[in-house]
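**Q** Predicted model, plus sequence, below.
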Amino acid sequence: MPRRERRAQLLESALEVFVAQGYHAAAMDDIADRAGVSKPVLYQHFPGKLDLYLALLDSSCDTIIDNCRQALDSTQDNKLRVAATMDAFFEYVAGDTGAFRLVFESDLTNEPAVREQVDRVTSECAAMIAHVIHDDTGLPDTASRLLAVSLVGMAQVSARFWLSEAGGITKADAAALVAGLAWRGIRGYPLTDEH
(Lines give C-alpha, C1' and ligand atoms only; values in the text may rest on other atoms or scores of the structure.)
Protein backbone atom coordinates (compact mmCIF):
# COMPACT_ATOMS: atom_id res chain seq x y z
CA MET A 1 0.00 0.00 0.00
CA PRO A 2 1.39 3.47 -0.84
CA ARG A 3 2.64 5.44 2.15
CA ARG A 4 -0.08 8.10 1.97
CA GLU A 5 -2.86 5.51 1.84
CA ARG A 6 -1.31 3.53 4.69
CA ARG A 7 -1.06 6.67 6.80
CA ALA A 8 -4.73 7.49 6.14
CA GLN A 9 -5.69 3.92 7.09
CA LEU A 10 -3.70 4.15 10.32
CA LEU A 11 -5.25 7.50 11.21
CA GLU A 12 -8.75 6.16 10.60
CA SER A 13 -8.09 3.13 12.79
CA ALA A 14 -6.50 5.28 15.49
CA LEU A 15 -9.47 7.63 15.50
CA GLU A 16 -11.83 4.73 16.13
CA VAL A 17 -9.71 3.49 19.03
CA PHE A 18 -9.11 6.91 20.62
CA VAL A 19 -12.79 7.86 20.37
CA ALA A 20 -13.88 4.56 21.88
CA GLN A 21 -11.25 4.30 24.61
CA GLY A 22 -9.72 7.74 25.16
CA TYR A 23 -6.03 8.45 24.95
CA HIS A 24 -4.91 6.82 28.17
CA ALA A 25 -6.75 3.52 27.66
CA ALA A 26 -5.86 3.21 23.97
CA ALA A 27 -2.86 1.05 23.16
CA MET A 28 -0.73 1.02 20.04
CA ASP A 29 -1.42 -2.74 19.87
CA ASP A 30 -5.16 -1.99 19.61
CA ILE A 31 -4.57 0.54 16.86
CA ALA A 32 -2.30 -1.80 14.89
CA ASP A 33 -4.83 -4.62 15.26
CA ARG A 34 -7.68 -2.38 14.12
CA ALA A 35 -5.64 -1.33 11.08
CA GLY A 36 -4.59 -4.90 10.34
CA VAL A 37 -0.89 -4.08 10.49
CA SER A 38 2.02 -4.96 12.73
CA LYS A 39 3.22 -2.55 15.40
CA PRO A 40 6.49 -1.96 13.49
CA VAL A 41 4.46 -0.73 10.50
CA LEU A 42 2.51 1.60 12.80
CA TYR A 43 5.76 2.92 14.30
CA GLN A 44 7.21 3.54 10.82
CA HIS A 45 4.52 6.18 10.38
CA PHE A 46 4.15 7.47 13.93
CA PRO A 47 7.02 7.25 16.45
CA GLY A 48 4.66 7.13 19.41
CA LYS A 49 1.08 7.25 20.62
CA LEU A 50 1.21 10.99 21.30
CA ASP A 51 2.45 11.70 17.76
CA LEU A 52 -0.45 9.71 16.37
CA TYR A 53 -2.94 11.45 18.63
CA LEU A 54 -1.58 14.89 17.73
CA ALA A 55 -1.84 14.11 14.00
CA LEU A 56 -5.49 13.19 14.47
CA LEU A 57 -6.16 16.17 16.68
CA ASP A 58 -4.54 18.57 14.20
CA SER A 59 -6.72 17.23 11.41
CA SER A 60 -9.86 17.36 13.57
CA CYS A 61 -9.13 20.95 14.62
CA ASP A 62 -8.51 21.97 11.01
CA THR A 63 -11.88 20.51 10.06
CA ILE A 64 -13.94 22.49 12.57
CA ILE A 65 -11.98 25.69 11.84
CA ASP A 66 -12.50 25.23 8.09
CA ASN A 67 -16.20 24.52 8.65
CA CYS A 68 -16.50 27.73 10.66
CA ARG A 69 -14.71 29.71 7.96
CA GLN A 70 -16.99 28.30 5.26
CA ALA A 71 -20.07 29.16 7.33
CA LEU A 72 -18.94 32.75 7.79
CA ASP A 73 -18.02 33.09 4.10
CA SER A 74 -21.30 31.55 2.91
CA THR A 75 -23.26 34.82 3.09
CA GLN A 76 -23.06 38.51 3.93
CA ASP A 77 -26.31 38.32 5.94
CA ASN A 78 -25.28 38.15 9.60
CA LYS A 79 -28.42 36.34 10.74
CA LEU A 80 -27.67 33.62 8.20
CA ARG A 81 -24.00 33.65 9.24
CA VAL A 82 -24.98 32.92 12.84
CA ALA A 83 -27.25 30.09 11.70
CA ALA A 84 -24.60 28.63 9.38
CA THR A 85 -21.93 28.78 12.06
CA MET A 86 -24.13 27.09 14.68
CA ASP A 87 -25.06 24.48 12.12
CA ALA A 88 -21.36 23.87 11.40
CA PHE A 89 -20.71 23.05 15.06
CA PHE A 90 -23.79 20.82 15.36
CA GLU A 91 -22.91 19.04 12.11
CA TYR A 92 -19.36 18.44 13.30
CA VAL A 93 -20.46 17.07 16.67
CA ALA A 94 -23.07 14.85 15.00
CA GLY A 95 -20.48 13.36 12.61
CA ASP A 96 -20.36 9.60 12.76
CA THR A 97 -16.60 9.42 13.42
CA GLY A 98 -16.85 10.98 16.87
CA ALA A 99 -13.78 13.12 16.06
CA PHE A 100 -15.27 15.97 18.08
CA ARG A 101 -14.40 14.01 21.22
CA LEU A 102 -10.70 14.57 20.50
CA VAL A 103 -11.25 18.31 20.28
CA PHE A 104 -13.92 18.99 22.89
CA GLU A 105 -13.59 16.06 25.31
CA SER A 106 -9.93 15.08 25.25
CA ASP A 107 -8.62 13.25 28.30
CA LEU A 108 -5.15 14.63 27.54
CA THR A 109 -5.62 18.39 27.87
CA ASN A 110 -2.90 18.54 30.51
CA GLU A 111 -0.41 17.82 27.70
CA PRO A 112 0.74 21.24 26.37
CA ALA A 113 0.74 20.21 22.70
CA VAL A 114 -2.82 18.89 23.01
CA ARG A 115 -4.01 21.95 24.95
CA GLU A 116 -2.51 24.19 22.26
CA GLN A 117 -4.44 22.39 19.51
CA VAL A 118 -7.71 22.37 21.46
CA ASP A 119 -7.35 26.07 22.26
CA ARG A 120 -6.62 26.74 18.58
CA VAL A 121 -10.22 25.86 17.69
CA THR A 122 -11.65 28.48 20.02
CA SER A 123 -8.97 31.00 19.16
CA GLU A 124 -9.18 30.74 15.37
CA CYS A 125 -12.97 30.45 15.17
CA ALA A 126 -13.37 33.36 17.57
CA ALA A 127 -10.87 35.47 15.60
CA MET A 128 -12.92 35.02 12.42
CA ILE A 129 -16.18 35.82 14.18
CA ALA A 130 -14.63 38.77 16.03
CA HIS A 131 -13.52 40.23 12.72
CA VAL A 132 -17.13 40.21 11.48
CA ILE A 133 -18.43 41.68 14.75
CA HIS A 134 -15.79 44.42 14.76
CA ASP A 135 -16.34 45.34 11.12
CA ASP A 136 -20.11 45.48 11.49
CA THR A 137 -20.40 47.16 14.89
CA GLY A 138 -17.21 49.13 15.35
CA LEU A 139 -16.82 47.62 18.82
CA PRO A 140 -13.22 47.56 20.09
CA ASP A 141 -11.22 44.45 19.24
CA THR A 142 -11.25 43.18 22.83
CA ALA A 143 -15.04 43.49 23.10
CA SER A 144 -15.54 41.88 19.68
CA ARG A 145 -13.27 39.02 20.69
CA LEU A 146 -15.10 38.44 23.97
CA LEU A 147 -18.44 38.26 22.18
CA ALA A 148 -16.95 35.92 19.58
CA VAL A 149 -15.50 33.57 22.20
CA SER A 150 -18.91 33.53 23.87
CA LEU A 151 -20.58 32.52 20.62
CA VAL A 152 -18.02 29.76 19.99
CA GLY A 153 -18.52 28.46 23.53
CA MET A 154 -22.29 28.52 23.09
CA ALA A 155 -21.99 26.60 19.82
CA GLN A 156 -19.71 23.82 21.02
CA VAL A 157 -21.24 23.31 24.48
CA SER A 158 -24.81 23.30 23.22
CA ALA A 159 -23.95 20.95 20.34
CA ARG A 160 -22.31 18.49 22.73
CA PHE A 161 -25.25 18.74 25.13
CA TRP A 162 -27.70 18.14 22.29
CA LEU A 163 -25.83 15.02 21.22
CA SER A 164 -25.74 13.52 24.69
CA GLU A 165 -28.94 14.69 26.38
CA ALA A 166 -31.43 16.51 24.19
CA GLY A 167 -33.28 13.51 22.79
CA GLY A 168 -36.26 14.26 20.62
CA ILE A 169 -34.85 17.45 19.10
CA THR A 170 -33.51 17.06 15.58
CA LYS A 171 -30.08 18.40 14.77
CA ALA A 172 -31.56 21.04 12.48
CA ASP A 173 -34.06 22.17 15.11
CA ALA A 174 -31.41 22.24 17.84
CA ALA A 175 -28.98 24.26 15.73
CA ALA A 176 -31.78 26.67 14.74
CA LEU A 177 -32.86 27.07 18.36
CA VAL A 178 -29.35 27.97 19.52
CA ALA A 179 -28.77 30.16 16.47
CA GLY A 180 -31.97 32.04 17.33
CA LEU A 181 -30.73 32.66 20.85
CA ALA A 182 -27.33 33.82 19.59
CA TRP A 183 -28.85 36.07 16.93
CA ARG A 184 -31.26 37.69 19.38
CA GLY A 185 -28.26 38.64 21.49
CA ILE A 186 -25.71 39.67 18.89
CA ARG A 187 -28.12 41.65 16.70
CA GLY A 188 -28.60 44.08 19.59
CA TYR A 189 -25.20 45.62 18.89
CA PRO A 190 -25.70 48.52 16.50
CA LEU A 191 -24.19 48.44 13.06
CA THR A 192 -21.61 51.04 12.15
CA ASP A 193 -22.54 53.80 9.73
CA GLU A 194 -20.94 51.80 6.92
CA HIS A 195 -23.35 48.84 7.49
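**A** Structure received.
**Q** Residue 9 - how many residues pack around it?
**A** As a burial measure, residue 9 scores 16 neighbours (other Cβ atoms under 10 Å). To be clear about C-beta, it is placed using only N, CA and C from the backbone, and glycine gets the same treatment.
**Q** show me where the chain has helices.
**A** 3-25, 28-35, 39-45, 49-73, 78-94, 100-104, 112-137, 141-165, 171-186 (DSSP state H).
**Q** weakest of these in terms of mean pLDDT?
**A** Ranked by mean pLDDT, these bottom out at helix 100-104, with a mean of 87.
**Q** can you list contacts of that one?
**A** Residues external to helix 100-104 that are found in contact with it (Cβ atoms under 8 Å, 6 or more residues apart in numbering): 15, 18-19, 53, 56-57, 60-61, 64, 92-93, 117-118, 121, 156, 159-160.
**Q** OK, contacts around the residue lying closest to residue 26 once chain neighbours are set aside?
**A** Using Cβ to Cβ, 6 or more residues apart in numbering and skipping the chain neighbours, the partner closest in space to residue 26 is residue 17 (4.8 Å). Residue 17 is in contact with 26, 30-31, 34, counting by Cβ under 8 Å, 6+ apart.
**Q** how about 10 Å then?
**A** Applying Cβ atoms under 10 Å, 6 or more residues apart in numbering to residue 17 gives the contacts 23, 25-35, 52.
**Q** List only buried entries from those.
**A** Among those, the ones that count as buried by 16 or more other Cβ atoms under 10 Å are 23, 26, 28, 30-32, 34-35, 52.
**Q** Report the two of these separated the most.
**A** Greatest spatial distance in the buried ones among the contacts of residue 17: 23 and 35, 17.3 Å, computed using Cβ to Cβ.
**Q** What's the separation between the residue nearest the centre of the chain and residue 24?
**A** In the chain, the residue lying closest to the centroid (Cα atoms, centre = their mean) is residue 64, at 3.8 Å. According to Cβ to Cβ, to the nearest Å, residue 64 stands 23 Å off from residue 24.
**Q** Next: residue 2.
**A** Applying Cβ to Cβ to residue 2 and residue 24 gives a distance of 32 Å.
**Q** now do residue 93
**A** Counting by Cβ to Cβ, the gap from residue 93 to residue 24 is 22 Å.
**Q** Neighbour count: those two, which is higher?
**A** residue 93 (26 against 9).
**Q** Identify the residues contacting residue 10.
**A** Applying Cβ under 10 Å, 6+ apart, the residues near residue 10 are 31-32, 34-35, 37, 41-42, 44-46, 52, 55-56.
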